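Engineer: Take this sequence and fold it.
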Amino acid sequence: MKTAKQIARAFADEQLDARTRSRRSRDIRFLGLSALVALAGGGCSLSHAPDDVGRTADALDQTVLSTAQTFAVLAGSTVTNTGATTVGGNVGVDPGLAVTGFPPGLVAGGTIHTGDAVALQAQSDATTAYNTLAGQTLTEDLTGQDLGGKTLTPGVYRFSSSAQLTGALTLDAQGDPKATFVFQIGSTLTTASNASVLVLNGARDCNIFWQVGSSATLGTTTALKGNILALTSITLVTGATVSGRALARNGAVTMDTNDVSILNCAPLADAGIDAGGSSSSGSSGSSSGSTGSSSSGSTGSSSGSGSGSGSPDGGSGGLMDAGEDGASAFDTGADACDAQPEAAPMAVDIVACDAQPAAAPIDVDACDEDGGD
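Structural biologist: Got it, this is the predicted structure:
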């Protein structure tokens, strides 16, 4: 028959075994949760496409032009002007050396570069941009159609040969300030007299690109918006205007009483538009809410990614919430170690992963501090 001391010892051993099994079960749950979090993080990373020539049109903006951004007019052979033309931005030529007609033409807010290192680099960057634009994935083939009278949304539009604009073309950004419009034109771009490009709902003049396989000719008093990147030459007939750029890779840019300006081409940041949300307040949130809901903060709102979560005065603990008292499920108190609820299934919001703060490290051994057996 067992003595009282032996019975007490057996009881203590059983309690210890039970606690050990509980800790092992908890550790397995923790490891599974950690693996799931790591997998979610990997999924988020894989959702990003690399920045290369094949990037989609909505990832493009005028920065694709690099140093050529500073040029309103750039030619390969000559820049020729007749009449009271105004150019807002740099004027350049390379490898040619001839820029004529200034005055009477006026260069405002820029400099004339003839065959120097600045013009050379701009031509190199314009060539890179031209090739990048030509490599964009097609949204719609408009071969054989006149652009006049159409309303188009952001995308890449292709003409296998020539493109014609008669009347007005409307480009609707649908409220997206980063919206990009790319026109891939196999040979020539020609506009009729009084043709125009209109922009709606946040479309920006200089996020419009005309990649022209040979030459572009803008008819009398045409009002074009966007960046013309022509393989050969660009001709602006009397009174035509371009809110953007006229960049000819190999041939001439010829002007006659025109207005070509990059003044409406300020980057989004300079225009006071942060398309990705406020970086100063949208990503930090409350320092005690780093484990908040995965859906918060994904739009860069000023409330922050962990706003209101895990607050010390009893707010929600987000994914790791253990109750109304604000205690985390990973609370290291003895009661929490002995009687933790089963973890709820964790939904992973891949879209919001980019905006989630890093989860605090999990101290798996913390609950083993029993204070002695």
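
Engineer: Could you give the number of residues near T254?
Structural biologist: By other C-beta atoms under 10 Å, 21 other residues sit near T254. In short, each C-beta sits where N, CA and C put it, glycine included.

Engineer: List the residues that contact it.
Structural biologist: For T254, the contact set (C-beta atoms under 8 Å, 6 or more residues apart in numbering) comprises T80, N81, S233, I234, T235, L236.

Engineer: And those residues, which is closest to Q121?
Structural biologist: Set against Q121, the nearest of those by C-beta to C-beta is I234 (20.0 Å).

Engineer: Can you pull the phi/psi pair for the closest one?
Structural biologist: Main-chain torsions, I234, degrees, to the nearest 10: phi -130, psi 130.

Engineer: Show me what it is bridged to.
Structural biologist: A216, V253 (DSSP bridges).

Engineer: what's near enough to touch it?
Structural biologist: Per C-beta under 8 Å, 6+ apart, neighbours of I234: 75, 215-218, 228, 246-248, 251-254.

Engineer: Quick check: the farthest pair among the contacts of T254?
Structural biologist: N81 and S233, at 14.2 Å, using C-beta to C-beta across these.

Engineer: mean confidence for stretch 136-151?
Structural biologist: Here stretch 136-151 scores 98 as its mean pLDDT.

Engineer: Which residues does it contact?
Structural biologist: For stretch 136-151, contacts defined as C-beta under 8 Å, 6+ apart pick out 54, 56-57, 60, 155-161, 163-172, 182, 184, 192, 195, 200.

Engineer: And A168, how close does it get to K150?
Structural biologist: 9 Å (C-beta to C-beta, to the nearest Å).

Engineer: Let me fix that, I meant to ask about A223.
Structural biologist: 16 Å.

Engineer: who's more crowded, the two?
Structural biologist: Comparing A223 with K150 by neighbour count (other C-beta under 10 Å), the higher total belongs to A223, at 18 against 15.

Engineer: where does the stretch 151-300 of the chain dip in pLDDT?
Structural biologist: In the predicted model of the stretch 151-300 of the chain, residues 266-300 satisfy pLDDT under 70.

Engineer: what are the ranges of the strands in it?
Structural biologist: With DSSP state E, counting those that start in this stretch, the ranges of strands along the stretch 151-300 of the chain come out as 151-152, 155-159, 163-165, 168-172, 181-185, 189-191, 196-200, 208-212, 216-218, 223-230, 234-236, 241-248, 253-256, 259-261.

Engineer: still on that earlier bit, among N81 and S233, which residue is more densely surrounded?
Structural biologist: Set N81 next to S233 and count neighbours by other C-beta under 10 Å: N81 wins out with 25 against 22.

Engineer: element containing the more buried one, please.
Structural biologist: strand 78-82 (DSSP states H and E).

Engineer: Show me what the helix or strand that comes right after that strand is packed up against.
Structural biologist: Next in sequence after strand 78-82, counting helices and strands by DSSP H and E, comes strand 86-88. Contact partners of strand 86-88 among helices and strands, from 3 or more C-beta pairs under 8 Å, 6 or more residues apart in numbering; DSSP states H and E: strand 71-75, strand 106-108, strand 259-261.
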